[in-house]
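got a sequence here, can you model it:
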Amino acid sequence: MKDKNTIIGLSVAAGILGLSTLGLGISYGITNANYKNATTQLEAVYKKNYYELADNVNFCDTNISKLLASQSEDFRAKMLNEISQSAKEMQMSIAALPLSNDGILQCVKFINQMSGYTETLEKKIEEGGDLSSEDLAVLEEMHETLNEMKEFLNDMSNRMIAGYSIIQSSRQMGGDIDNFTWEFTQISSTEYPTMIYDGPFSDSVVDQKIKGLPDEKVSQEEARQKIYDVFDNISSLDYKGETKGRFETYNFVLKNTDEQTLYVQVTKRGGKVLTISGYNISEANNVDYDRAEKIALNFAEKNKIEDAVVVWHQELNSQMYFNLAPKVEGVVIYPDLVKVKVDLQNGNVIGYDAISYFTNHTKRKLDQPSISVDQAKQLIDDSFDILSIKLCLSPLDFNREVLCWEFECTKNNATFYFYVNATTGVQENVLKVVETSDGNKLM
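Sure thing, here's the model as predicted:
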C-alpha cells in the first residue's frame with residue numbers, strides 16, 4: 001500500500017476556498033489562424049480535463065476519509081452525495097481525454113460503480129437505514145483504491161509541469177494503443193474493490209443559471225477595450241476567437257511589458273473579464289504581502305467586484321494566490337468568490353477567475369442569525385482550539401446558500417473549518433486543510 005498522505009492537490013476549484021497553481025487554466029475556442037495556436041489550445045483543454053480528474057479523485061478520497069471518521073448518518077449522507085457527484089465529473093473528464101476505450105475499461109468501471117454505489121448508500125440513509133459494517137468495509141476499500149490512483153495521477157501531473165505533452169504522447173504508438181493511453185492504463189492496474197448496489201448510474205448535471213451578468217452583449221472591440229481599461233502594461237493584445245458554452249466569451253492573448261503571456265476571456269454579456277491564465281517561474285520575491293494584497297484588491301475593484309475582502313491567501317513559487325469575497329452587512333459572501341494570482345517578481349496580476357462571482361452574484365436579503373455564536377459553538381468538540389469565528393453565506397449542496405457561523409479550529413496540528421447553520425443550528429459542513437504538492441487546500 002502506498003503512502004496515504006500523498007496528495008495531488010492540482011485543483012481547478014476545490015471546495016469554497018481552494019486555489020491551485022494550475023487551477024486557472026481555461027479552455028479557449030480553437031480557431032484556424034494557425035496550427036501551432038490550435039495545438040497549444042487543444043493541449044490546454046486536455047490538461048484542464050486531466051487536472052479536473054485529479055482534483056475529483058482527491059476530493060472523493062478526502063470525503064470518504066471524513067465519512068469514515070464521522071458517526072453522524074446525516075453527515076455521511078451528505079458526503080456520499082458529494083462523492084457520487086464528483087464521480088460523475090470524473091466520468092466527463094475521462095471522456096474528454098484522448099484515450100482508447102479498450103485501455104481504460106477497468107478504471108471507468110470503478111468510477112461508474114463508485115458513483116452508483118455511493119448514490120445507493122445515500123438513499124439507504126435517507127430512508128432511515130444505517131451503513132452496515134459491510135458498507136463501511138467497501139468504502140474503506142474505495143479509500144485505498146483512490147489513494148493508489150492519486151499516486152499515478154500525481155506522478156503524471158509532475159511530468160506535465162516539467163513539459164510532458166498529452167498530444168505528442170497520444171500520437172506515438174506503442175503496440176495497439178498510443179503512449180498516453182498506455183501510461184494512463186497504469187491507473188487501471190490498481191486492484192479495484194467489488195461494489196454491489198441497486199440501480200443504474202445517473203448522468204444528470206445541475207445547470208446553474210448565470211445571475212451576475214447583464215443581458216446586453218458587447219462587441220469584440222468593446223471587449224478589447226475592457227482589457228485595456230484594467231491592464232496598464234500591455235505590450236500586445238491579439239484576438240483568438242470565441243468560446244461558446246455556459247459563458248460565451250471573446251478570447252485574447254495578452255503580452256505585457258515584462259514579457260509575460262496571459263490568456264484572457266471577456267464575457268460577451270456585459271463585457272466582464274472572466275478569467276486570466278498565466279504563469280511566472282522565478283525565485284525573486286520583490287513584492288511583499290501588503291503590496292500584493294493591494295494589487296489583488298485594486299484589480300478586483302477595476303473589474304467591478306464590490307466590497308471585496310481577502311478570505312484566503314497562499315504564497316507558492318514566487319506567486320501569491322488570493323481568494324476574495326464580498327463582505328456585506330458583516331457577512332462574507334462565499335458564493336461570490338473571486339480568485340486572483342499576483343506575480344511577486346514584477347507585481348503583475350497573472351491569474352484571475354471570476355466564474356463563481358458572475359454565476360452567483362445578485363442582490364440578497366440577508367437575515368439576522370437566530371442561533372447565537374455561543375449556541376453554535378456547542379457543536380464544536382472541546383478537543384478543538386477555535387482560532388477565529390465569522391458570519392458567512394456558505395454555498396452548499398443543491399445550490400443552497402445558507403447563513404452560517406464559520407469556526408476555524410485546530411486539533412493535532414491539523415486545521416478544520418466548521419459551518420453551523422445560523423438559523424437552524426445544524427452542522428452543515430466540515431472542511432479540512434490538506435497539505436498538497438502545490439500549497440494548502442480546503443477539502
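
distance of I281 relative to Y164?
As judged by Cβ to Cβ, to the nearest Å, I281 and Y164 stand 16 Å apart. The way it works is simple: take the backbone N, C-alpha and C, and place the C-beta from them, glycine included.

so between those two, which is more surrounded?
The neighbour count for I281 versus Y164, taken as other Cβ atoms under 10 Å, is higher for Y164 (15 against 8).

which residues does the closest residue to that one other than its chain neighbours contact?
Counting by Cβ to Cβ, 6 or more residues apart in numbering, Y164 lies nearest to M156, which is 7.2 Å off, once chain neighbours are set aside. M156 sits next to 50, 164, 183-184 when contact means Cβ atoms under 8 Å, 6 or more residues apart in numbering.

state the phi and psi torsions of M156.
Reported as degrees, to the nearest 10, the phi and psi values for M156 are phi -70, psi -40.

give me the pLDDT for it.
pLDDT for M156: 83.

surely E221 is within a helix?
Yes - counting by DSSP: H, G, I helix; E, B strand; the rest coil, one finds E221 located in a helix.

ok, now how distant is E43 from D307?
Distance from E43 to D307, by Cβ to Cβ: 38 Å.

check S70 too.
Using Cβ to Cβ, we find S70 at a distance of 35 Å from D307.

what do you get for Y250?
Counting by Cβ to Cβ, the separation of Y250 from D307 is 28 Å.

the more surrounded of these two?
Y250 (26 against 14).

what strand or helix carries that one?
Assessed by DSSP states H and E, Y250 sits inside strand 249-256.

could I get the pLDDT score of D102?
For D102, pLDDT reads 50.

for E52, that is, sorry about that
What the model reports as pLDDT for E52 is 87.

so it sits against S93, correct?
Yes - E52 lies in contact with S93 (Cβ atoms under 8 Å); the separation is 4.8 Å.

for these two, list the residues in contact with both.
Contacts common to E52 and S93, judged by Cβ under 8 Å, 6+ apart, are absent.

sec struct for L68, please.
With three-state DSSP as the basis, L68 sits in helix.

can you pull the contacts of it?
Listed by Cβ under 8 Å, 6+ apart, the contact set of L68 reads 136, 139-140, 143.

which SSE is A296 in?
Counting by DSSP H and E, the element that carries A296 is helix 289-302.

mind giving me the packing neighbours of that helix?
Counting contacts by 3 or more Cβ pairs under 8 Å, 6 or more residues apart in numbering; DSSP states H and E, helix 289-302 is packed against helix 220-230, strand 308-316, strand 319-328, strand 338-343, strand 349-353.

now that helix: mean pLDDT?
Averaged across helix 289-302, pLDDT comes to 96.

with stretch 354-363 instead?
The average of the pLDDT scores along stretch 354-363 is 90.

endpoint to endpoint, it covers what distance?
End-to-end distance for stretch 354-363, by Cα to Cα, to the nearest Å: 17 Å.

where along the stretch 301-443 of the chain do the helices fall?
355-360, 373-377 (DSSP state H, counting those that start in this stretch).

please read the previous query as pertaining to the stretch 1-150 of the chain.
Using DSSP H, counting those that start in this stretch, the helices found in the stretch 1-150 of the chain span residues 35-69, 73-95, 105-126, 133-161.
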